[in-house]
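Q: the sequence isn't on hand, but the structure is:
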């Protein structure tokens, strides 16, 4: 009997959030992505050539897991958004809220002793809903420096142009 | 035995110093019937002892006593024993439950969530993670831009304010 209890007690995430994921993960309308700590461990062994990928690996070096759950064609996106918000435990602080056209995105963090142990994102557009949980030892600075693909490529172009310019001057 | 001797032995008897033989002598004297008035009380006592000694236990003495004991204490005895057992069992349950909670907490602290990976290929998992991170990063950028716009507005306002002050002075 005691062993059964042990096998159930395995989650380090907030239980309420896990419940939300478990509630919808088998629902065919939802897509879900789970990347475990083992997988994150495997990342460090991968051969990455692009500098952007290297930057990303650095940013996630201490991250233990990622969970995403999303629904497209979601007429109930706003309800899901409210539901997700309602189950978040009180020790999560709101980090920021971004509204981009029709999309609302709320970011929350769980902090303890100066370290961020979890980053939550809850987003709802007119027809879509996403909830994301990133946990471990999170470095917000490094994550915010991960530019989008376009930005990175743009920066690379800029660097090339600069280098070309300097050579001409010399 | 003469009276004097009897008195002497009796005195020893009260001091519990008589030998068995002497006690036997006393008994013999007192049952003989020739007891002076002064020693009537002692005689009565010895007679009493003799009588009591001759009594035996009735046949079913043991069973009677046992039954009486049982009927008197039955309820009390068993409920006390029962309570002890119940208390033991309850304490045991409390210990097991409490320890499982404590151990669960410990496990939660040390072991990360046991999640089932969506991807078996690390490359794919990495791509997906990248996507998620980029989405987060883009939102941060957006927030920064909006914040910096506010910053710009503030600075513009300050400059306008400063210019106004300057114009006033010049006038």
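A: Done, it's in. Just so it is clear, the model here is predicted, and its values are computed rather than measured.
Q: go ahead and name everything in contact with stretch A:47-66.
A: Stretch A:47-66 has contacts (Cβ atoms under 8 Å, 6 or more residues apart in numbering or on different chains) with A:12-13, A:33-37, A:40, A:43-44, A:46, A:132-139, A:142-143, A:145-147, A:149, A:152, B:112-113, B:115, B:126, B:128-130, B:132-133. C-beta here means a position set from N, CA and C on the backbone, and glycine is covered the same way.
Q: which ones among the residues you listed lie within helices?
A: When DSSP state H defines the helices, the subset of the contacts of stretch A:47-66 inside them is A:37, A:40, A:43, A:142-143, A:145, A:149, A:152, B:126, B:128-130, B:132-133.
Q: would you tell me which residues of chain B are close to chain A?
A: Residues of chain B that fall close to chain A, judged by Cβ under 8 Å from any Cβ of the partner chain: B:96, B:100, B:103-104, B:107-109, B:111-119, B:122-123, B:125-126, B:128-130, B:132-144, B:146.
Q: what's around residue A:54, how many residues?
A: Neighbour count for residue A:54, taken as other Cβ atoms under 10 Å in any protein chain shown: 11.
Q: please disregard the earlier target; I meant residue A:123.
A: 22.
Q: quick check, it in a strand?
A: Yes. The assignment for residue A:123 by DSSP: H, G, I helix; E, B strand; the rest coil puts it in a strand.
Q: strands of chain B, start to end?
A: Counting by DSSP state E, chain B has no strands at all.
Q: pLDDT weak spots in it?
A: B:1, B:73-82, B:108-114, B:171 (pLDDT under 70).
Q: closest point of it to chain A, which residue?
A: Nearest residue of chain B to chain A: residue B:104, at 3.7 Å (Cβ to the nearest Cβ).
Q: tell me the spacing between that residue and residue A:66.
A: Per Cβ to Cβ, to the nearest Å, residue B:104 is found 24 Å from residue A:66.
Q: on that earlier part again, closest one of the ones in helices among the contacts of stretch A:47-66 to residue B:41?
A: Distance to residue B:41, by Cβ to Cβ, is smallest for residue A:37 among the ones in helices among the contacts of stretch A:47-66, at 99.8 Å.
Q: OK, contacts around the most centrally placed residue in chain A?
A: Computing the C-alpha centroid of chain A and ranking residues by Cα atoms, centre = their mean puts residue A:134 first, at 4.6 Å. Contact analysis of residue A:134 by Cβ under 8 Å, 6+ apart lists A:63, A:65-66, A:118-120, B:132-133, B:136.
Q: of the ones in helices among the contacts of stretch A:47-66, grab the buried ones for PyMOL.
A: A single PyMOL command is used to select the members of these judged buried by 16 or more other Cβ atoms under 10 Å in any protein chain shown:
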select buried, (chain A and resi 37+40+43+142+143+152) or (chain B and resi 126+128+129+130+132+133)
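Q: so which of the ones in helices among the contacts of stretch A:47-66 comes closest to residue B:17?
A: Nearest to residue B:17, judged by Cβ to Cβ, of those is residue A:37 at 93.1 Å.
Q: let's have the ones in helices among the contacts of stretch A:47-66 in a markdown table, adding distance to residue B:61.
A: What follows is the ones in helices among the contacts of stretch A:47-66, written out as a markdown table (distance: Cβ to Cβ, whole Å):
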| residue | distance to residue B:61 |
| --- | --- |
| A:37 | 79 |
| A:40 | 85 |
| A:43 | 90 |
| A:142 | 94 |
| A:143 | 93 |
| A:145 | 99 |
| A:149 | 104 |
| A:152 | 105 |
| B:126 | 93 |
| B:128 | 91 |
| B:129 | 90 |
| B:130 | 96 |
| B:132 | 91 |
| B:133 | 93 |
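Q: out of the ones in helices among the contacts of stretch A:47-66, which is nearest to residue A:104?
A: residue B:132 (17.8 Å).
Q: who's in contact with the closest one?
A: A:33, A:66, A:68, A:132, A:134.
Q: dump the residue contacts of the closest residue to residue B:126 other than its chain neighbours.
A: Spatial nearest neighbour of residue B:126, chain neighbours left out: residue A:43 (5.5 Å); criterion: Cβ to Cβ, 6 or more residues apart in numbering or on different chains. Listed by Cβ under 8 Å, 6+ apart, the contact partners of residue A:43 are A:57, A:60, B:122, B:125-126, B:129.
Q: tell me how many other residues crowd residue A:64.
A: 23.
Q: so it is in which element?
A: Following DSSP states H and E, the helix or strand that holds residue A:64 is strand A:63-71.
Q: quick check: mean pLDDT of that strand?
A: For strand A:63-71, mean pLDDT rounds to 91.
Q: list the buried residues in it.
A: A:63-71.
Q: briefly note if whichever helix or strand comes after it comes near chain B.
A: Sequence-wise, the next helix or strand downstream of strand A:63-71 (DSSP H and E) is helix A:77-86. No. Using Cβ under 8 Å from any Cβ, helix A:77-86 never reaches chain B; the gap is at least 15.1 Å.
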